[in-house]
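Visitor: this one's structure only:
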């Protein structure tokens, strides 16, 4: 599954990277949408792994990095 970063890139002028508090939006089944923060201060790579696992649990078909 691909993680959409356009919103983040538009807001920050660069691709997501580094350590911080990362927020993601998950678009799931039956038009259900939820937004969640990754737990703690994580690198973007770690947060991305968390988001992919969370999306699988949620049954999401799209992940967006929020700004």
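Guide: Here it is on my side, so go on. Everything quoted here is computed from the prediction, not taken from an experiment.
Visitor: so which helix or strand takes in the spatially most central residue of the chain?
Guide: Geometric centre of the chain, nearest residue: residue 24, 3.1 Å, by Cα atoms, centre = their mean. Per DSSP states H and E, residue 24 falls inside strand 23-27.
Visitor: Now the element after that strand, going C-ward?
Guide: As assigned by DSSP H and E, the chain's next helix or strand after strand 23-27 is strand 33-37.
Visitor: on contacts alone, who are the packing partners of that next one?
Guide: Strand 33-37 sits against strand 23-27, with contacts defined as 3 or more Cβ pairs under 8 Å, 6 or more residues apart in numbering; DSSP states H and E. All C-beta atoms are positioned from the backbone trio N, CA, C, and that covers glycine.
Visitor: which secondary structure elements does the strand it packs on contact?
Guide: Helices and strands touching strand 23-27, by 3+ Cβ pairs under 8 Å, 6+ apart, are strand 33-37, helix 44-58, strand 62-65.
Visitor: mind listing what it pairs with, with the direction of each?
Guide: strand 33-37 (antiparallel), strand 62-65 (antiparallel) (DSSP bridges).
Visitor: can you give me how far that strand is from the chain middle?
Guide: Offset of strand 23-27 from its chain centre (Cα atoms, centre = their mean, to the nearest Å): 5 Å.
Visitor: likewise stretch 53-62?
Guide: 10 Å.
Visitor: Buried residues, it. List them.
Guide: 54-55, 58, 60 (16 or more other Cβ atoms under 10 Å).
Visitor: if I look at the residue nearest to the centre of the chain, how far off is residue 64?
Guide: Distance, residue 24 to residue 64, by Cβ to Cβ, to the nearest Å: 7 Å.
Visitor: wait, which of the buried residues of stretch 53-62 is closest to residue 5?
Guide: residue 55 (14.7 Å; Cβ to Cβ).
Visitor: Verify the contact between that closest one and residue 49 for me.
Guide: No - taking Cβ atoms under 8 Å as the definition, residue 55 is not a contact partner of residue 49, at 10.8 Å.
Visitor: Done for today, thanks.
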